[in-house]
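curious how this folds, go ahead:
(chains A, B and C)
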Amino acid sequence: MSSTARVHLSRLPGERVRVVDGDHTEVLDPAALPSYVAGREAHGDEPRWVWDDTARWYPALLEAGVRVARCHDLRLCHRLLRRAPAVDASLLDGEESALWDRLRPFEPSDPALFSVDDAGEHLRADLEDARQVAAVAASPEAVRLSLLVAAESAGALVAAEMTHAGVPWRVDVHDRLLTELLGSRPPRGARPRLLEELADEVRGLLDSPDLNPDSRPHLLAALRRAGVEVPDTRRSTLRRVDHPVVEPLVRYKQLAHLFSTSGWTWIDQWVRDGRFRPVYQPAGSATGRWSSNGGGALSFPVQVRSAAVADEGWVLVVADVAQLEPRVLAGMSGDQALARAARGADLYQGMVDDGAVPTRQDAKLGLLGAMYGATSGESGRMVAGLTRRYPAAFGLVEGAARSGERGEVVRTLLGRGCPALGGGSWDESPDAPPDDLDDQDRHRRAYGRFTRNFVVQGTAAEWASCWLADLRNRLWRLVDEGPLEARPHLVFFLHDEVVVHTPADLADRVADEIGASAAAAGALLFRELPVDFPLNTSIVRSYAEAGKPGAPPTVDA
DNA sequence: TTGGAGCGCGCC
DNA sequence: AGGGCGCGCTCCAA
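Numbering: from 1, shown residues only, chains lettered A, B, ... in the order given. Have a look, this model is predicted:
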């Protein structure tokens, strides 16, 4: 690791904080921590703060106006290193290591630093950190793992900062939208007027006055009585049926979904003081992608994005990567031909221009099919032809699938290992391999599809972490002073997309930095093979205006 | 009353 | 027989 000082923070019984800085140890009152940290940051040496869980320590610092430059998140990295195939796991064993194995992510509902019967209260950050540093150093993949560990920790800082700042949210706009589509807010437990009218229309058309359209069995029975035979009530299934009930029923399902997932209850729960503050879990999924356990940050529908509106005099800079995963595949596999197709804004078109496929749609189907393990249909057929044109790229995912089918674990470019077959979290069957041979075979094949996708999705997540980490620093340097939320700052991240809230006069520079950090992330991960990571970037007042190619950037009201 | 499973939806 | 996730709903067992 670098010469950066590592300062270890641990909780002590009696609500004290132990600070270990090299040979120097002191004990602080938690209330004194922000000024201590601010003092160390101000000296410019920017130590690496080592703590058990960023989500536990950092919010209070941010609340006090203290931003840190770097950290090491022991819980995240412990998990990572435990599973990394290139790490000698025995180096992680030692005093308290079983407790680190069991440490759960910090929950925002917990008291910030101390809770009564919390085993973690006694965990020694300095001891665990020493084991992790040694485990990385001893690995043949030390360089890549160091990068991964740093990027993941930086991601944890970004997550806490985004929750702290929040997405600017106009409740009045959201409410107006809901009222137009659903009618005014109903009393608790009731349907809004327009939704109820649609339900009535469906009941009438199916001649089932008591039907609850939210109940699948009832709905299936009512459809059957009306002569509609369907295996399920999915929208795509219903659309194939020719019956007058289909149109109002599909509309009902759409609006019911909006009402329940993004309606007034959601506003009450997640929007405070004009900010939507989702809770992120960096590396919360098996592949290393972020997950979210609050606010539905990963799925808030396009329909309500118009309520995300920049503050007066500010704008949102929205940027997403075009075809992130195929580009990552090109980079990690070293596939020269695919990398060549990836020069420029549209990788799929690049494959067409390359003469590999007749149409853009074919390119997309074939590539996605290869990454997801499609075996049949149009997608499956495309894969065969493309394998000849892009042998390294297609060979890489194919190899990962074979490894999985043999029951082996696979790893990402930076060394994250996937969960073992039957190990639990990759699917819902913890152990107990099926006794039936056919089932066992199916199980292995499913695992092969998982490992196939894991290598690409996981490496894409690593690219995104590096992107975020670099962008975070660049944004911070754009302005000389002021707390985080008074400067250009990240407010949202979703796999391959970022949103930055910034004073309008800095928007162009922010857009440049987003592009520069994307290029930097690519160079960092795939130095041997330059792959482009072009962005669709919009400067908008409202999130809903973003992402329309050709739409003029609107900077005024 | 509660918790988990399964469904269907939405995001990538 | 296409990967990852969260969430709200209904239904049913405890």
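
show me how chain A divides into domains.
A:6-140, A:171-267, A:277-292+A:304-324+A:463-545, A:325-455 (automatic domain parsing).

quick check: A:His501 is in a strand.
Yes - checked against DSSP: H, G, I helix; E, B strand; the rest coil, A:His501 lies within a strand.

tell me the pLDDT of it.
Looking at A:His501, its pLDDT stands at 97.

beta partners for it?
Under DSSP bridges, the beta-bridge partners of A:His501 are A:Leu316, A:His489.

correct me, but it touches A:Pro488?
Yes - A:His501 is within contact range of A:Pro488, at 7.2 Å (criterion: Cβ atoms under 8 Å). Where you see a C-beta, it was placed from the backbone N, CA and C, and this is true even at glycine.

now the helices for the stretch 1-150 of chain A?
With DSSP state H, counting those that start in this stretch applied, the stretch 1-150 of chain A shows helices at A:33-42, A:54-63, A:74-83, A:97-102, A:125-137, A:142-165, listed in chain order.

would JSON lines of these with distance to A:Gln269, mean pLDDT and mean neighbour count be doable?
Converted to JSON lines, the helices of the stretch 1-150 of chain A look like this (distance: least, Cβ to Cβ, whole Å; pLDDT from 0 to 100; neighbours: other Cβ atoms under 10 Å):
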{"stretch": "helix A:33-42", "distance to A:Gln269": "28", "mean pLDDT": "95", "mean neighbour count": "16"}
{"stretch": "helix A:54-63", "distance to A:Gln269": "18", "mean pLDDT": "95", "mean neighbour count": "21"}
{"stretch": "helix A:74-83", "distance to A:Gln269": "26", "mean pLDDT": "96", "mean neighbour count": "22"}
{"stretch": "helix A:97-102", "distance to A:Gln269": "30", "mean pLDDT": "92", "mean neighbour count": "14"}
{"stretch": "helix A:125-137", "distance to A:Gln269": "33", "mean pLDDT": "97", "mean neighbour count": "20"}
{"stretch": "helix A:142-165", "distance to A:Gln269": "14", "mean pLDDT": "96", "mean neighbour count": "22"}
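
tell me which of those helices sits nearest to DNA strand B.
The closest of the helices of the stretch 1-150 of chain A to DNA strand B is helix A:142-165. By Cβ to the nearest atom of the strand, the value is 16.1 Å.

which secondary structure elements does the closest one contact?
Counting contacts by 3 or more Cβ pairs under 8 Å, 6 or more residues apart in numbering; DSSP states H and E, helix A:142-165 packs against helix A:54-63, strand A:70-73, helix A:74-83, helix A:125-137, strand A:279-281, helix A:437-477, strand A:489-493.

following that helix, which helix or strand comes up?
strand A:167-168 (DSSP states H and E).

mind giving me the packing neighbours of that next one?
Right, strand A:167-168 is packed against strand A:275-276, strand A:489-493, strand A:497-503 by 3+ Cβ pairs under 8 Å, 6+ apart.

partners of that strand in the sheet?
strand A:275-276 (antiparallel).

now check the strand it pairs with, is it near DNA strand C?
No - if you take Cβ under 7 Å from any atom of the strand as the test, strand A:275-276 misses DNA strand C, and the best it gets is 12.4 Å.

check whether that strand contacts DNA strand B.
No - for strand A:275-276 and DNA strand B, the contact criterion (Cβ under 7 Å from any atom of the strand) is not met; the two come no nearer than 14.6 Å.

so is stretch A:233-246 next to DNA strand B?
Yes - using Cβ under 7 Å from any atom of the strand, stretch A:233-246 comes into contact with DNA strand B via A:Thr233, A:Arg234, A:Arg235, A:Ser236.

and stretch A:329-337, by the same measure?
No - judged by Cβ under 7 Å from any atom of the strand, stretch A:329-337 and DNA strand B are separated, with a smallest distance of 14.7 Å.

quick check: buried residues in that stretch?
A:Leu329, A:Ala330, A:Gly331, A:Met332, A:Ser333, A:Asp335, A:Ala337 (16 or more other Cβ atoms under 10 Å).

could those go into CSV alongside pLDDT?
Listed next are these as CSV, based on pLDDT from 0 to 100:
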residue, pLDDT
A:Leu329, 95
A:Ala330, 95
A:Gly331, 95
A:Met332, 95
A:Ser333, 95
A:Asp335, 94
A:Ala337, 94
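
now the two most distant members of the residues you listed.
Across these, the longest distance by Cβ to Cβ is 14.7 Å; it joins A:Met332 and A:Ala337.

what stretches of the stretch 101-250 of chain A score poorly on pLDDT?
A:109-121 (pLDDT under 70).

return the residues of it in contact with DNA strand C.
So the stretch 101-250 of chain A meets DNA strand C at A:Asn212, A:Asp214, A:Ser215, A:Arg216, A:Pro217, A:His218 (Cβ under 7 Å from any atom of the strand).

next: the stretch 351-500 of chain A.
A:365, A:368-369, A:372-377, A:379, A:425-427, A:442, A:446, A:449-450, A:453-454, A:457, A:495.

quick one: buried ones out of those residues?
A:365, A:368-369, A:372-374, A:379, A:426, A:446, A:449-450, A:453-454, A:457.

can you show me the helices along the stretch 201-350 of chain A?
Using DSSP H, counting those that start in this stretch, helices in the stretch 201-350 of chain A cover A:216-225, A:235-239, A:246-262, A:264-270, A:324-333, A:336-341, A:347-353.

in JSON lines, list the ones you listed along with distance to A:Gly395.
Supplementary listing: those in JSON lines, determined by distance: least, Cβ to Cβ, whole Å:
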{"stretch": "helix A:216-225", "distance to A:Gly395": "43"}
{"stretch": "helix A:235-239", "distance to A:Gly395": "34"}
{"stretch": "helix A:246-262", "distance to A:Gly395": "41"}
{"stretch": "helix A:264-270", "distance to A:Gly395": "45"}
{"stretch": "helix A:324-333", "distance to A:Gly395": "7"}
{"stretch": "helix A:336-341", "distance to A:Gly395": "11"}
{"stretch": "helix A:347-353", "distance to A:Gly395": "17"}
